[in-house]
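S.K.: curious how this folds, go ahead:
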Amino acid sequence: MASVHQRYRIIEKIDAGGMAEIYRGEAVSLEGFARQVAIKRILPSMCTDPKFVAMFLDEARLSMQLTHANIVQIFDIGKADDTYFVVMELIDGLNLRRLLQRSVDRDDKITVALACYITIEVAKALSYAHERRDSDGKSLGIVHRDVSPPNVLLSNRGEIKLTDFGLAKAASHVQHSDADVIKGKYSYLSPEVVDGKPVDPRADVYSTGIMLWEMLCGRKLFAGKTDMDTVELVRRGQVPKPSTVRAEVDDELDKIVMKILAKSPKRRFQSARAVEQALAGYLFKHNKRVTASDVASYLSSSEDQQSPSTLDLKALLNAEFEQQVQAGAISLTLGQLALSPASLTTASASRLDVSDMLTELQALPLEDIEGQEDRDATVSIEDRLDLGEVGGSPKIADGAGGSRIWLTLALTVGALAIGFWLWQSGLV
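M.R.: Model prediction:
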């Protein structure tokens, strides 16, 4: 897709799914001003389905009416190359699903304060959407119905934004949902949704509570072996208290989470705004200050720890040598270094075993080095290089002459050169 419109230029593909794909692009004005945007395009194969096209356009129309700091902004809707596209705000960062996976991979749960803060920001987006009215003051009746980690975006600047109102149900929609069809990601549905009961904003409240529970506990709340098993777990609505999984969660936060996740909508917080206020009050009461800069710092540290660490071999050898000297295992006399130094072990438990390398060298026939035909003879290192008395002349143990004398001299000079280098480097 070279271009979707003369005003937009495609830079690279960001993501792709079964129904649409997202590109990083540039919006260019007549004056040459350019800003980076995200361009969501329906796959051409999906454009043959009128219902899907209508749903896609419904999402765009609805989202264009929502202008809030915690909601991804939609700028434009267009059609090009027999397919539709939506131009939206570009969020550089990652989604909550990836963040949760990172915390599991690192065995490092998201902090309690940060989990509450992220939930507060999502609740702000939902309360705005739920309470949105048209120009006549009539409620739009918006329910997101797909509040889940992939749809919560965290920018590198620490912003939290809700996206993808594709399953949202609003009174203004042209395309209405089919009856008896469960929509949304199964693990984040509310019990009334899977039972086919009428959906209202309290369903989004429940989904938000599931994400909070998972951030606190570091694992999925509802995860069956199959989709039907997961739906059945959601229908039962049996939720363990977070404190039973994570000791840092106190009784007060336990009560807030369990009220958000009450199976009966009547027993839940009745609005996303109420969730926001309850969690904000909890953070304030316990002096847990969190801001967008804390989110940005957490994302940055998470990214840094994902990159592979480098091994400073010289520093490792120096430290190992000093330890051996202090232990008395190495003499500081030039030329008296041990032939079998201790194995070198890194913090990552990888091993550089010098002893094994020397053992293999000792077992190697001398003729292999010289290119002779005798492959069975094995001579020890000590026998190959017999220096006799200190100050004596080098001699070859097996009586060979010529090339073996030169080899012996080369080995002797090499050993002395290595010893001199170690002495000059301050290692001995």
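S.K.: can you tell me how far the residue lying closest to Ser243 once chain neighbours are set aside is from Ile256?
M.R.: Setting aside the residues directly before and after it, Ser243 is nearest to Val249 in space (C-beta to C-beta, 6 or more residues apart in numbering), at 4.4 Å. For the C-beta atoms, the positions are set from N, CA and C on the backbone; glycine is no exception. With the distance defined as C-beta to C-beta, to the nearest Å, Val249 ends up 10 Å from Ile256.
S.K.: a strand runs through the residue nearest to Ser243, doesn't it?
M.R.: No - read with DSSP: H, G, I helix; E, B strand; the rest coil, Val249 is coil and lies in no strand.
S.K.: near it, how many other residues are there?
M.R.: 20 (other C-beta atoms under 10 Å).
S.K.: and it, what are its phi and psi?
M.R.: phi -80, psi 120 (degrees, to the nearest 10).
S.K.: for the one 4 residues further on, same thing?
M.R.: Geometry field for Leu253 lists phi and psi as phi -70, psi -40, criterion degrees, to the nearest 10.
S.K.: which residues touch it?
M.R.: Leu253 makes contact with Val112, Cys116, Leu216, Pro242, Ser243, Tyr282 under the criterion C-beta atoms under 8 Å, 6 or more residues apart in numbering.
S.K.: follow-up on the earlier one: am I right that the residue nearest to Ser243 is in contact with Thr111?
M.R.: No - taking C-beta atoms under 8 Å as the definition, Val249 is not a contact partner of Thr111, at 11.4 Å.
S.K.: could you check how far Ala60 is from Gly209?
M.R.: With C-beta to C-beta as the criterion, Ala60 and Gly209 are 29 Å apart.
S.K.: who's more crowded, these two?
M.R.: When Ala60 is set against Gly209 and neighbours are counted by other C-beta under 10 Å, the residue ahead is Gly209, at 26 against 20.
S.K.: quick check, that one in a strand?
M.R.: No - under the criterion used here (three-state DSSP), Gly209 is helix, not part of a strand.
S.K.: how about the contacts made by it?
M.R.: Val257, Ile260, Leu261, Val275.
S.K.: what is the burial count for the first one?
M.R.: In other words, Val257. 25.
S.K.: likewise Ser139?
M.R.: Counted with other C-beta under 10 Å, Ser139 comes out at 12.
S.K.: the nearest residue to it once chain neighbours are set aside and Leu140, how far apart?
M.R.: Of all residues not flanking Ser139 in the chain, Arg133 sits nearest, at 5.5 Å (C-beta to C-beta, 6+ apart). Arg133 sits 6 Å away from Leu140, going by C-beta to C-beta.
S.K.: just Cys116 next, same as before
M.R.: 28 Å.
S.K.: the two: which is more packed in?
M.R.: Comparing Cys116 with Leu140 by neighbour count (other C-beta under 10 Å), the higher total belongs to Cys116, at 25 against 19.
S.K.: where does that one land in three-state SS?
M.R.: helix.
S.K.: give me the pLDDT for it.
M.R.: Per-residue pLDDT puts Cys116 at 97.
S.K.: cool, Lys124 as well?
M.R.: 97.
S.K.: and the nearest residue to it once chain neighbours are set aside, how far is that from Leu279?
M.R.: The shortest distance from Lys124 to any non-neighbouring residue, by C-beta to C-beta, 6+ apart, is to Asn70 (4.9 Å). Using C-beta to C-beta, we find Asn70 at a distance of 14 Å from Leu279.
S.K.: confirm that Val37 sits in a strand.
M.R.: Yes - checked against three-state DSSP, Val37 lies within a strand.
S.K.: and Pro240, that's in a strand?
M.R.: No - under three-state DSSP, Pro240 sits outside any strand and is assigned coil.
S.K.: so how far is Leu216 from it?
M.R.: 11 Å.
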